[in-house]
Structures are given as structure tokens and as C-alpha cells.
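**Student:** Take this sequence and fold it.
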Amino acid sequence: MTQLPEISSDRILLVSDNLQLRALLSQLLAAHRYNVVTVESGAPPALEAGVDCDAAIIDAAAPHAAARWLRNLDRTGHVPTLAIATSKSATAAESLWSRVDVVLHEPFDTGKLLLVLRGLFAGRRESVSRTQQAALTTGPVTLHSLLNTVTVEAREVPLTGAETRVLRELMLAPSTPVSRDQLTRCGLGRGSSPDDRCLDTHIKRLRRKLGTDHHGRTPIRTVRNIGYLLVAQWQPASERPI
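**Tutor:** Numbers count the residues shown, from 1 in each chain. Predicted structure coming up:
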């Protein structure tokens, strides 16, 4: 597998078979303090070998090879991507456009390319910032509200929207009882009633997803005649499949 050089902050992956284009863009981006790693489109997609990038520029002159790289990028999570299309590749590469953020057609203005990249990086930073702000941590549990996922130490588990909202209410008041009425209103969006067992169903699923400590105890405890609480500090048992 092709080994690619290490790249650092504001990293751009450039995939193209056009030697002249690679040289032009490498010089341009380096002059604007971007770190660039260039790869020929026919090379094995080497992102799995440890290449990390913040944005990608894909030359779509070879649509099939470009598609391979885009699929590989998809597996690493969303990477802002700019595609370069020629008049010959524009029609053949139409199926790729849904997988990229911006398409520039040759000949293109280099100033426009730089503006597009700045916008992609700004959008990525804003997205990361929103995700970080939405993260809430209590002991070994980190809730990512925007992503509807919870991480228990190194184990990431998907949640439903209702599970996310219920868990968030518990995490906002760790080791403090939260009433059934509050959990139902804030988590499920409706008032509670004595016969409503919907909240209990969501709690049961959350307990299963969070796991237990080494003594088999769940961190979500029942508080009789009140509701539930989340233990602030607990030690999860060894990871096991959910």
C-alpha cells in the first residue's frame, strides 16, 4: 500500500494524475500556508494507512478513480471536498457531484479556489465547535447531543433522539434525582401520567447501552417516588457487545 507523508494542521489531500495541475496547486497552497499531500488517482486509497486530512481536492478527470477516493473519504467521516472537472469529465462525473461540497470546472480562477477552501475550512471549524459545545461529560460518560451518540470510555453507542434528551437531563444534574415529570417533559416532549411506562422503556434501553460497573450495577438508579438519577462517578465493566 502506498505510504503518504505525514501532514499537519489545515491539511489538504490532492488527488490528481495531472502533473502540471499537481505542481500548480501544490505551489499555490503552500504559498498560503496549507500543508498538501499529493497522490495519483490510480494509487491505492491510502487514508486507511493513517493519512489524515481536513479537506480534499479530487481531480475528476478519471471518474472511476475519483469515486474510489470519495468512497474512502466517506468511511473516515465527512471531509470537506472540492472536485475539479474538465469539459470531458463533467458529464461522466455527474454521479460524483452528490458526494462533494463544491465543483470547479477547468479552467478555474485560483483566487476562487482559495476562497472556496477558506469557506470549507470555516464550515468545518464551525461544525466541530458546535459538536464540542454539544458534548456533555459526566464521569466516564460523554454525550454528543448533535450526533445522538454516547461514549462510555472508549465505547461509542448510537442513541435515539428521545434517549439522547433523557440522558442529557440526567447528566445536567449528576447524582441528583430528576423527577419523572421533568424527564418526560424534556425528554419525550409531553406531560407524564401514572400509567405512562414510556419513560421506563427508554430508561431500560439507556441502561443496556451504558452498561454496568464491575458489580453489575447500572449507573442509572431508580429513586423511589421521584424518578431517576445518574451516578456521577462509576467504573464501567469490561467492554461487551451491545
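**Student:** mind checking how far Asp220 is from Arg197?
**Tutor:** Careful, residue 220 is Ile; it's not Asp. 16 Å (Cβ to Cβ, to the nearest Å). Using the backbone N, CA and C atoms, a C-beta is placed for each residue, glycine as well.
**Student:** Then His144?
**Tutor:** Using Cβ to Cβ, we find His144 at a distance of 28 Å from Arg197.
**Student:** between those two, who's got more neighbours?
**Tutor:** Applying other Cβ atoms under 10 Å to His144 and Arg197 shows that His144 carries more neighbours, namely 17 against 10.
**Student:** Now that one. Its backbone dihedrals?
**Tutor:** phi -110, psi 90 (degrees, to the nearest 10).
**Student:** right, and the helix or strand after the helix or strand of the chain with the lowest mean pLDDT?
**Tutor:** In the chain, no helix or strand scores lower on mean pLDDT, DSSP states H and E than helix 89-92, which sits at a mean of 56. Sequence-wise, the next helix or strand downstream of helix 89-92 (DSSP states H and E) is strand 102-105.
**Student:** on contacts alone, who are the packing partners of that following strand?
**Tutor:** strand 81-85, helix 110-134 (3 or more Cβ pairs under 8 Å, 6 or more residues apart in numbering; DSSP states H and E).
**Student:** Out of the ones you listed, which is closest to Ala30?
**Tutor:** helix 110-134 (12.3 Å; Cβ to Cβ).
**Student:** Averaged pLDDT, that closest one. What do you get?
**Tutor:** The pLDDT scores in helix 110-134 average 76.
**Student:** so where's this structure uncertain?
**Tutor:** Where the chain drops to pLDDT under 70, the residues are 1-9, 43-52, 74-78, 87-98, 126-134, 190-196, 238-242.
**Student:** Do a quick rundown of the strands in it.
**Tutor:** 11-15, 35-39, 55-59, 81-85, 102-105, 135-138, 141-144, 149-152, 155-158, 178-179, 220-223, 227-230 (DSSP state E).
**Student:** Pipe those into JSON lines and attach distance to Lys209 per row.
**Tutor:** Output for the strands of the chain, formatted as JSON lines (distance: least, Cβ to Cβ, whole Å):
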{"stretch": "strand 11-15", "distance to Lys209": "34"}
{"stretch": "strand 35-39", "distance to Lys209": "38"}
{"stretch": "strand 55-59", "distance to Lys209": "34"}
{"stretch": "strand 81-85", "distance to Lys209": "33"}
{"stretch": "strand 102-105", "distance to Lys209": "38"}
{"stretch": "strand 135-138", "distance to Lys209": "15"}
{"stretch": "strand 141-144", "distance to Lys209": "10"}
{"stretch": "strand 149-152", "distance to Lys209": "7"}
{"stretch": "strand 155-158", "distance to Lys209": "5"}
{"stretch": "strand 178-179", "distance to Lys209": "18"}
{"stretch": "strand 220-223", "distance to Lys209": "10"}
{"stretch": "strand 227-230", "distance to Lys209": "13"}
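**Student:** who wins for proximity to Leu167 among those strands?
**Tutor:** strand 141-144 (5.7 Å).
**Student:** Tell me which strands that closest one pairs with, and in which orientation.
**Tutor:** If you go by DSSP bridges, strand 141-144 pairs up with strand 135-138 (antiparallel), strand 149-152 (antiparallel).
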